[in-house]
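S.K.: Structure for this input, please:
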Amino acid sequence: MSGHGLSHNDVKPLNILLNRHGDLVLVDFGESNDINDGTVSHTHRPGTPYYWPPEYTLKDPMCSSERSNLYALGMT
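M.R.: Numbering: from 1, shown residues only. Next up, the predicted model:
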């Protein structure tokens, strides 16, 4: 996704589906944002708290990135 400039921001088991060919498909891009535009919400932390990277709990406003998606995938 980061190759397309997107940060999903809500990677979790419920958002990973298996299609009829056996491929994993990431769904629900409602919390996604463009990682290249430089805008970050200072009041809203996207995603599901159980899958947040540590920097979300520290309220780092710049933590929405491909790194946070990778952390959430590892937690999944």
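
S.K.: average pLDDT for stretch 26-35?
M.R.: Averaging pLDDT along stretch 26-35 gives 80.

S.K.: residues contacting the residue positioned nearest the centre of the chain?
M.R.: When CA atoms, centre = their mean is applied to the chain, the residue found nearest the centroid is residue 9 (2.1 Å). By CB atoms under 8 Å, 6 or more residues apart in numbering, the contact set of residue 9 is 31, 32, 33, 46, 47, 64, 68, 69. In short, each C-beta sits where N, CA and C put it, glycine included.

S.K.: now residue 30
M.R.: Contacts of residue 30 (CB under 8 Å, 6+ apart): residue 10.

S.K.: Can you give the contact residues for stretch 68-76?
M.R.: With CB under 8 Å, 6+ apart, stretch 68-76 has contacts from 1-2, 7-13, 16, 47, 50-56.

S.K.: To which secondary structure element is the residue nearest to the centre of the chain assigned?
M.R.: Using DSSP states H and E, no element contains residue 9; it sits outside every helix and strand.

S.K.: Pull out the buried residues from the contacts of stretch 68-76.
M.R.: With burial judged by 16 or more other CB atoms under 10 Å, the buried subset of these is 7, 8, 9, 10, 11, 12, 47, 51, 52, 53, 55, 56.

S.K.: Can you pick out the most distant pair from those residues?
M.R.: 12 and 55 (17.4 Å; CB to CB).

S.K.: how much distance is there from the longest helix along the chain to the middle of the chain?
M.R.: Determined from DSSP state H, the single longest helix within the chain is helix 66-75. Taking CA atoms, centre = their mean, to the nearest Å, one finds the center of helix 66-75 at 7 Å from the center of the full chain.
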